[in-house]
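Fold the following for me, if possible:
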Amino acid sequence: MERKPPKRPRVAWKKSGAPRERKPPPEPYEVTEVQPLRADADWLPVYAVEKEAVDCIEAYVNMEEKDLVQKMQFLNCICLLCSSARRKCLTASLDIFSFLNNLPEHIEVLLCEEPREQLTTALRYHCMNAIAALRYLPSPCFGQHNPRALFLFHPCLSIETLSAMDNMLWIVLHSHPTSSIDKQLQSIFEVLLPFTISKRKTVCERAMKQIRKLCGCTASSFRQQLRRHEHSSQALSFFASQSCLYSSGLPARKACAQPLGKNLHPSQRTDIVLATLEKITGDYSSDEKEWAEAILDVVRRDPGNWLMDVPEILGYIQTNLKIESTSVQQILFSVLDLLAIQFPKDVLRSVLTDLPQTDSTTLDMWSSVLPVLKTSEHILDELSNVLQDQRLCENCNVTTAELSLLRLTVMHPTEENMQQLCQPACLQRLLKIESLPLLWLVLTGLVLLSERPETAGVIRALLPEVMETLRFASTPITLKVLNIFRNVMRNLGKRQASPIALQLAEKILPLFNHVSSEVREGSIRLFKDMMEAVVWCKKRNMKKAVRRGLLPLLFQMSDETPSVAQASGEALVACAKFLKWKELKHQAREENTVGIRMCLLQQDRRRVEGYLWQSLPYLKDSQASLRCEAVTFLGLAVQHSREQSEEMLNEICNALQPLEDDAHPAVRSLAAGTIQMLRHERQQAASARSRLAALCCWPCIAI
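Reported below is the predicted structural model:
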């Protein structure tokens, strides 16, 4: 019977004694040491140019002990190498060389060894130069892993340090994973924070400037995350989570924003806000504006922490609202609205006590804030508290009881409220206040009273003081005044309204060419109402003002605002009717400006010279249509003038010459043609005078 093979051959071989197959012993391997990759020689383009510098750097990093001379040589070689590489465009692979030789870490070690209380050691100076050189590498890595190394220059915060940090912030934002940005930014902030309370003003300013950039970097990081999620199903939940951080008083980037919210002094947060607004409203690069807008988003979401210094921020807004830019004004007014909602009492008090009271911009802010606050349930309480402020009453030279009366102007105009408000003696004293915001409240109350027939007659005695408020040349104030006069004249009979019209007519004429179209239209319509209100026995006293209004109304018929042009035409018809001038009335109804011109110039040549001087200011009007009308009328008026003296023609030519460079082609063309015509008239006048002189001298010559 055949035997089965053993299950364990080795054991079986032992037992059976069968010889095992022997293999020859392995030949010994050649042991070779793995050489580290050396950052030198052929693969580094700049090596051929700066071989000694490269060798010196490599020798230094391999040394165990270094003396001061070797440290200085090491730092100088870094500067020399980077400088040559940049100058000769050989920077390729230089960042790899820096990484392989741990150059940032070696510089950091040198900085740590230096005494921090000494600011100007030679070694520290060379370290700064080396950092400044390394930051220009293709992919600089200094400070990325340990941002605190950038600030080992304590406490000087040199320009080189800050420049290196700017470069690092950009890299952190665009190269690091989102999850690690927070730690990097928080680490930088924690190092910067002690510098903000330095006794050296320059250091504080540099630290705050860098913190502002840090805020922008933080907000930009949040925006990047939002963009990554906006097309995904997680977008809503992501945004909600960030919004929760804002609503809890923290900016979007929790890790960095938490120390910002807790550790920064309110004045420092104010500095950041003001610098942010400066970047947005000023002439800065698109990158700086983008960071500033990101910070402003953070401020808008957490105004309670960022807008605490109300007077300082209001002062900045008031100063910069004068910038003639719609976008800038919209941003500033949006911040103003945030302030008013968050700190209503502080805003009301600050506008009335801290800002220039006769500045029209202050009034613009006041009239913008009140509508926002009217939605608040506590607006009356807040305004009442502010109006009872003793300091404010002393500044205005009125009692608290008188000033408190103004709270009724923002309340619903019930019968009871109007009866309390109708105190002529008190209102007369309040009309003398040198504060546009408070004066605006007084006039608001008078507008309400003038709309009621039973109170319009009571405030009639206040109209001279109301007219005096036009001296402030404020558009909102002027509109209130015009409304008051129109309401009073409408609610009074002709006999009572006639004296008002005679006093007001001459003062209304300058408002016809006001910068505000609302004022132009309101003043023209009021002028028409005044002519219709004058009783027949007083018309002779009114004719002079009506005649002075004819030419301005002709020009305003060409106003670019249709409602103003229409009101001017209607007022001109009323003037012609008042003067019983049938031809002018016909031409005005037909809106025939050519016919109206001829009526004015041909009816009475004695008035032509007055029309000439009256039309000169319109050559500088902001509207091209009115400048064209003024030039056209001037040319015709000179031809119809009885006196064409050389002095008068020269003055008119001088007034027309700037219009030869006018932005509008029609104005340029008309001005050039009119000047040419005037020069011809001047030559003819000169030749006529010479002939007359010759005739006068002829008898003498004959003798």
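
ok, residue 398 - contacts?
By Cβ atoms under 8 Å, 6 or more residues apart in numbering, residue 398 lies in contact with 429, 430, 433. For the C-beta atoms, the positions are set from N, CA and C on the backbone; glycine is no exception.

now swap in residue 473 and tell me
Contacts of residue 473 by Cβ under 8 Å, 6+ apart are residue 360.

so what pLDDT did residue 681 get?
Per-residue pLDDT puts residue 681 at 72.

what's the neighbour count on it?
Neighbourhood size, residue 681 [other Cβ atoms under 10 Å]: 19.

And for residue 78?
That count, for residue 78 with other Cβ under 10 Å as the rule, works out to 26.

tell me which element the nearest residue to it once chain neighbours are set aside is part of?
Leaving aside its chain neighbours, residue 78 sits nearest to residue 130 (4.5 Å; criterion: Cβ to Cβ, 6 or more residues apart in numbering). Using DSSP states H and E, residue 130 sits in helix 122-134.

buried sites along that helix?
Buried positions in helix 122-134, judged by neighbour count with 16 or more other Cβ atoms under 10 Å: 123, 124, 125, 126, 127, 128, 129, 130, 131, 132, 133, 134.

thinking again about what came up before, among the contacts of residue 398, who's most crowded?
residue 430 (25 neighbours).

Surely that one is in contact with residue 442?
Yes: with contact defined as Cβ atoms under 8 Å, residue 430 and residue 442 form a contacting pair (4.7 Å).

so what sits against both of those two?
What both residue 430 and residue 442 touch, as defined by Cβ under 8 Å, 6+ apart, is the set residue 406.

what's the pLDDT at residue 266?
Confidence score, pLDDT, at residue 266: 82.

Please report the distance of it from residue 304.
Taking Cβ to Cβ, to the nearest Å as the measure, residue 266 falls 11 Å from residue 304.

residues near residue 666, how many?
Residues within reach of residue 666, counting by other Cβ under 10 Å, total 13.

Please identify the helix or strand for it.
Element membership for residue 666, per DSSP H and E: helix 665-702.

on that earlier part again, check contacts around the residue nearest to residue 78.
Neighbours of residue 130 in contact, by Cβ under 8 Å, 6+ apart: 75, 78, 79, 103, 107.

Touching, residue 304 and residue 341? I think so.
No: under the criterion of Cβ under 8 Å, residue 304 makes no contact with residue 341, lying 10.2 Å away.

Which of those two has more residues huddled nearby?
residue 341 (15 against 10).

The more buried one: helix or strand, and which one exactly?
helix 326-342.

got it, and residue 441?
helix 436-450.

Give the next helix or strand downstream of that helix.
helix 453-456.

Alpha carbons of that next one, as CSV, please.
Extracted C-alpha coordinates of helix 453-456, given in CSV (Å, rounded to 0.1, in the frame of the first residue of the first chain):
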residue,chain,number,x,y,z
PRO,A,453,-57.7,128.3,8.4
GLU,A,454,-58.3,128.8,12.1
THR,A,455,-54.5,129.0,12.9
ALA,A,456,-53.2,130.5,9.7
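
Can you give me the buried ones in the helix or strand just after it?
Downstream of helix 453-456, the first helix or strand assigned by DSSP H and E is helix 463-468. Using 16+ other Cβ under 10 Å as the test for burial, helix 463-468 gives 463, 465, 466, 467.

Throw the contacts of residue 398 into JSON lines and include pLDDT, distance to residue 664 and secondary structure, thanks.
As requested, these are exported to JSON lines (pLDDT from 0 to 100; distance: Cβ to Cβ, whole Å; DSSP: H, G, I helix; E, B strand; the rest coil):
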{"residue": "429", "pLDDT": "93", "distance to residue 664": "49", "secondary structure": "helix"}
{"residue": "430", "pLDDT": "94", "distance to residue 664": "46", "secondary structure": "helix"}
{"residue": "433", "pLDDT": "92", "distance to residue 664": "43", "secondary structure": "coil"}
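
Residue 504: which of the residues you listed is nearest?
residue 430 (21.5 Å; Cβ to Cβ).

any idea how far residue 380 is from the closest one?
In terms of Cβ to Cβ, residue 430 sits 18 Å off from residue 380.

now residue 65
Counting by Cβ to Cβ, the gap from residue 65 to residue 380 is 79 Å.

out of those two, which sits in the more crowded spot?
A side-by-side neighbour count of residue 65 and residue 380, using other Cβ under 10 Å, places residue 380 first with 15 against 5.

What is the least confident helix or strand in this protein?
Here the helix or strand of the chain ranked lowest by mean pLDDT, DSSP states H and E is helix 235-247, holding a mean of 34.

rewinding a little: average model confidence for the helix holding residue 130?
77.

give me every residue that touches residue 65.
Residue 65 touches nothing, counting by Cβ under 8 Å, 6+ apart.

which SS state does it fall under?
Following DSSP: H, G, I helix; E, B strand; the rest coil, we place residue 65 in the coil state.

ok, of the buried residues of helix 463-468, which one's closest to residue 602?
residue 467 (36.3 Å).

what about the closest one, distance to residue 508?
For residue 467, the distance to residue 508 - Cβ to Cβ - is 10 Å.

and if you look at residue 326?
31 Å.

quick one: which of those two has more around it?
Set side by side, residue 326 and residue 508 show more neighbours around residue 508, with 21 against 8, by other Cβ under 10 Å.

can you tell me the average pLDDT over stretch 538-552?
So the average pLDDT for stretch 538-552 ends up being 89.

who touches residue 350 in this structure?
When contacts are counted by Cβ under 8 Å, 6+ apart, residue 350 touches 310, 311, 314.

how far away is it from residue 372?
Counting by Cβ to Cβ - residue 350 and residue 372 are separated by 15 Å.

Flag the shaky bits of the stretch 1-150 of the chain, pLDDT-wise.
1-42, 114-121, 135-150 (pLDDT under 70).

ok, now the chain?
Applying pLDDT under 70 to the chain flags residues 1-42, 114-121, 135-263, 375-377, 537, 642-643, 682, 684-703.

returning to what we had before: what's the distance between the residue nearest to residue 78 and residue 324?
For residue 130 relative to residue 324 (Cβ to Cβ), the value is 48 Å.

again, but for residue 406
32 Å.
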